[in-house]
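*Asks:* Pasted the sequence and its predicted model underneath.
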2 protein chains.
Amino acid sequence: MFNAHGLSTVSTHRIAAELGISPGNLHYHFKSKRLIVDWLFRRFETRLAALSEGLVSVGAIDDLWLALHLMFEAVSAYRFIYRDMALIDREFPDTAERLRARLAANLLEAKALCSNLADAGLLQATDDEVDMLALQIAFTMTSWLSFEQMVSARSGDAPSDNGLAAYYTLTLLAPYVEPQSRAYLDYLRSKYLGA
Amino acid sequence: MFNAHGLSTVSTHRIAAELGISPGNLHYHFKSKRLIVDWLFRRFETRLAALSEGLVSVGAIDDLWLALHLMFEAVSAYRFIYRDMALIDREFPDTAERLRARLAANLLEAKALCSNLADAGLLQATDDEVDMLALQIAFTMTSWLSFEQMVSARSGDAPSDNGLAAYYTLTLLAPYVEPQSRAYLDYLRSKYLGA
């Protein structure tokens, strides 16, 4: 419901009605909307943690596409979190603190990913370029799905194209990818851009 | 007030109180919050239109930095628009339609910018690369300030670092910039990253 209608407009009464239980019964489990948001955020954290190990340790561009695809799938399943992060920041301070820690972790993981790819010779990039790529990737993981949803005029409850999101992220790396791996990027390009 | 507190939480009563006028007086000028949002959006459009001509016609990397800086200044002055775009999409359909047209225009302008830079020999990029760069720039213009505000833990009413946003955008172009113009990028890097 938060994904489809937005965090600001869904009340605990509406959640109880959707569940077919009384507001009092919902209140027995969650004393406030704040606790529901925090509980969902912790599930999101757990799901990301399970994926980030795979993301950081990829050794080839096609593995990277799959790992990014799974990551965007998780972000999409909880897309209200990044989309409504300004609201979380204002009205859910406990969750906001965890969210800010998550964004810092995203940046560190993106940096570990790029460093590993550079060490493996898949990326030809200086340390400065690795830092900048990591920032571009962290920004994309956070904000791309909200942007793309608005541009493509999909409604909040429609699924996102996580493969396209993964491909877009790879295009950030493209200028630095060693020549032999570019063939996989070209294959993806033909798939997503019809070129 | 929308920038500082978010579009969802600021009511017309609160706006009237802030202005020191009665709700009835505000209602005489704006029949609903929807009309206030639409009026602000049209001012935003006018301001962007005045800047976009300068942005599209730049002929050097340092001019581009300045043009991007001014563009982010405008986006920052109306930062609730892109930050709360999911809410606008749900609750302000007339403005949402104009906003979606604005995002499409951003993409076309970014594409014109990159094409012009490529034609002038400042960017060494294929047509496909120009398209991808334009998408990256349009995405950054829309979503960067919200992301950076959250990461840097600034409050909604604090000013953004528009120079940093412009620099970040330039780093997307960096791999394609012809060698002589890279000196200016290095100068900006030393300014923003202390390297």
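*Replies:* Cool, got the structure.
*Asks:* I am assuming residue A:33 contacts residue A:12, so please confirm or correct that.
*Replies:* Yes: counting by Cβ atoms under 8 Å, residue A:12 is a contact partner of residue A:33 at 5.2 Å. Bear in mind the C-beta positions are built from the backbone N, C-alpha and C, glycine included.
*Asks:* what sits against residue A:23?
*Replies:* Under the criterion of Cβ atoms under 8 Å, 6 or more residues apart in numbering or on different chains, the contact list for residue A:23 reads A:12-13, A:16.
*Asks:* Show me which of those are buried.
*Replies:* Neighbour-count burial (16 or more other Cβ atoms under 10 Å in any protein chain shown) applied to those gives A:12, A:16.
*Asks:* now, which of the contacts of residue A:23 sits nearest residue A:27?
*Replies:* Closest to residue A:27 out of those is residue A:12 (7.3 Å), distances taken as Cβ to Cβ.
*Asks:* And that closest one, how close does it get to residue B:6?
*Replies:* Taking Cβ to Cβ, to the nearest Å as the measure, residue A:12 falls 20 Å from residue B:6.
*Asks:* Where does the prediction get shaky in chain A?
*Replies:* Per-residue confidence of chain A (counting by pLDDT under 70) places the weak regions at A:194-195.
*Asks:* residues in contact with the most centrally placed residue in chain A?
*Replies:* With distances taken as Cα atoms, centre = their mean, residue A:75 lies nearest the centre of chain A, 3.6 Å away. For residue A:75, the set of contacting residues under the criterion of Cβ under 8 Å, 6+ apart consists of A:81-82, A:141, A:145.
*Asks:* Most widely separated two among those residues?
*Replies:* A:81 and A:141 (11.8 Å).
*Asks:* my guess is residue A:178 meets residue A:124, correct?
*Replies:* Yes: using Cβ under 8 Å as the test, residue A:178 is close enough to residue A:124 to be in contact (5.7 Å).
*Asks:* neighbours of residue A:41, just the number please.
*Replies:* Neighbour count of residue A:41, defined by other Cβ atoms under 10 Å in any protein chain shown: 20.
*Asks:* Give the helix, strand or coil label for it.
*Replies:* Reducing the assignment at residue A:41 to three states with DSSP: H, G, I helix; E, B strand; the rest coil gives helix.
*Asks:* Excluding covalently adjacent residues, which one is nearest to it?
*Replies:* Using Cβ to Cβ, 6 or more residues apart in numbering or on different chains and skipping the chain neighbours, the partner closest in space to residue A:41 is residue A:95 (5.0 Å).
*Asks:* mind listing which of the contacts of residue A:75 are in helices?
*Replies:* A:81-82, A:141, A:145 (DSSP state H).
*Asks:* could you dump those residues to CSV with neighbour count?
*Replies:* Output for these, formatted as CSV (neighbours: other Cβ atoms under 10 Å in any protein chain shown):
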residue, neighbour count
A:81, 22
A:82, 25
A:141, 24
A:145, 21
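*Asks:* Output those residues as JSON lines; include the columns distance to chain B.
*Replies:* Formatted as JSON lines, the ones in helices among the contacts of residue A:75 follow (distance: Cβ to the nearest Cβ, whole Å):
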{"residue": "A:81", "distance to chain B": "11"}
{"residue": "A:82", "distance to chain B": "9"}
{"residue": "A:141", "distance to chain B": "10"}
{"residue": "A:145", "distance to chain B": "10"}
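*Asks:* which one of those is nearest residue A:59?
*Replies:* Taking Cβ to Cβ as the measure, residue A:59 lies nearest residue A:141 of those, at 20.0 Å.
*Asks:* residues in contact with the closest one?
*Replies:* Contacts were defined as Cβ under 8 Å, 6+ apart; by that measure residue A:141 touches A:71-72, A:75, A:106, A:110, A:169.
*Asks:* try 10 Å
*Replies:* When the contact criterion is Cβ atoms under 10 Å, 6 or more residues apart in numbering or on different chains, the partners of residue A:141 are A:48, A:55, A:68, A:71-72, A:74-75, A:82, A:103, A:106-107, A:109-110, A:165, A:169.
*Asks:* What separation do you get for residue A:73 and residue A:67?
*Replies:* Taking Cβ to Cβ as the criterion, residue A:73 is separated from residue A:67 by 11 Å.
*Asks:* Which residues are in contact with each of these two?
*Replies:* Contact criterion Cβ under 10 Å, 6+ apart; residues shared by residue A:73 and residue A:67: A:51, A:166.
*Asks:* who has more neighbours, the two?
*Replies:* A side-by-side neighbour count of residue A:73 and residue A:67, using other Cβ under 10 Å, places residue A:67 first with 20 against 17.
*Asks:* Verify the stated contact: the more buried one with residue A:74.
*Replies:* No: taking contact to mean Cβ atoms under 10 Å, the distance of 11.1 Å between residue A:67 and residue A:74 leaves them out of contact.
*Asks:* Mutual contacts of these two, please.
*Replies:* A:51-52.
*Asks:* Now do the phi/psi pair for the residue nearest to residue A:41.
*Replies:* When quoted as degrees, to the nearest 10, the phi and psi of residue A:95 stand at phi -70, psi -40.
*Asks:* From residue A:107, how far off is it?
*Replies:* Noted for residue A:95: a distance of 19 Å to residue A:107, by Cβ to Cβ.
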